[in-house]
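In: predicted model and sequence follow; I will ask about them next.
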Amino acid sequence: MDKAEETGALTFETAAARVEEIVRSLERGDAPLDAALSLFEEGAKLIGVCGKMLDEAEQKLVMLQKGPGGEPQEVEFEAGE
């Protein structure tokens with residue numbers, strides 16, 4: 001892990017980009033087994049981090065969309081909005 005990950009300053013975009021790099025590397029299949037396992041472990045951790053970030057973002061959106069009585073209100077989203 002680099003310093004950004006250690007300090008919690010990792011962004012979703014950075015984590016997702018690293019996962020993409022790991023996937024490409026594993027798909028090439030040229031890494032020795034121990035290196036491939038390390039990459040897989042790193043990728044699994046980053047996917048967990050990304051999932052947590054997405055969950056937090058979803059919770060924030062729900063809070064922002066609460067109606068007058070505090071109940072969540074449905075908001076329709078159109079592609080491209």
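Out: Right, received. Where do you want to start?
In: quick check: which element contains the most centrally placed residue in the chain?
Out: Taking Cα atoms, centre = their mean as the criterion, Cys50 is the residue nearest the geometric centre of the chain, at 1.6 Å. Per DSSP states H and E: Cys50 is located in helix 33-64.
In: distance between that helix and the chain's centre?
Out: Helix 33-64 sits 4 Å away from the centroid of its parent chain (Cα atoms, centre = their mean, to the nearest Å).
In: where's the spatially most distant residue from the centre of the chain relative to Leu33, distance?
Out: Relative to the mean C-alpha coordinate of the chain, counting by Cα atoms, centre = their mean, the farthest residue is Gly69 (32.2 Å). The gap separating Gly69 from Leu33 is 58 Å, by Cβ to Cβ, to the nearest Å. Where you see a C-beta, it was placed from the backbone N, CA and C, and this is true even at glycine.
In: tell me which helix or strand of the protein sits lowest on mean pLDDT?
Out: helix 3-6 (a mean of 50; mean pLDDT, DSSP states H and E).
In: list the buried residues of the helix or strand following it.
Out: Per DSSP H and E, helix 3-6 leads on to helix 12-28 as the next helix or strand towards the C-terminus. Across helix 12-28, burial judged by 16 or more other Cβ atoms under 10 Å covers 14-15, 18-19, 22.
In: ok, stretch 44-62 next?
Out: Residues of stretch 44-62 classed as buried: 46, 49-50, 53 (neighbour count, 16+ other Cβ under 10 Å).
In: same thing with stretch 31-39?
Out: Applying 16+ other Cβ under 10 Å to stretch 31-39 flags Leu39 as buried.
In: who touches it?
Out: Stretch 31-39 is contacted from outside by 22, 25-26, using Cβ atoms under 8 Å, 6 or more residues apart in numbering.
In: which residues of the chain score low on pLDDT?
Out: Low-confidence segments of the chain, defined by pLDDT under 70: 1-8, 72, 74-81.
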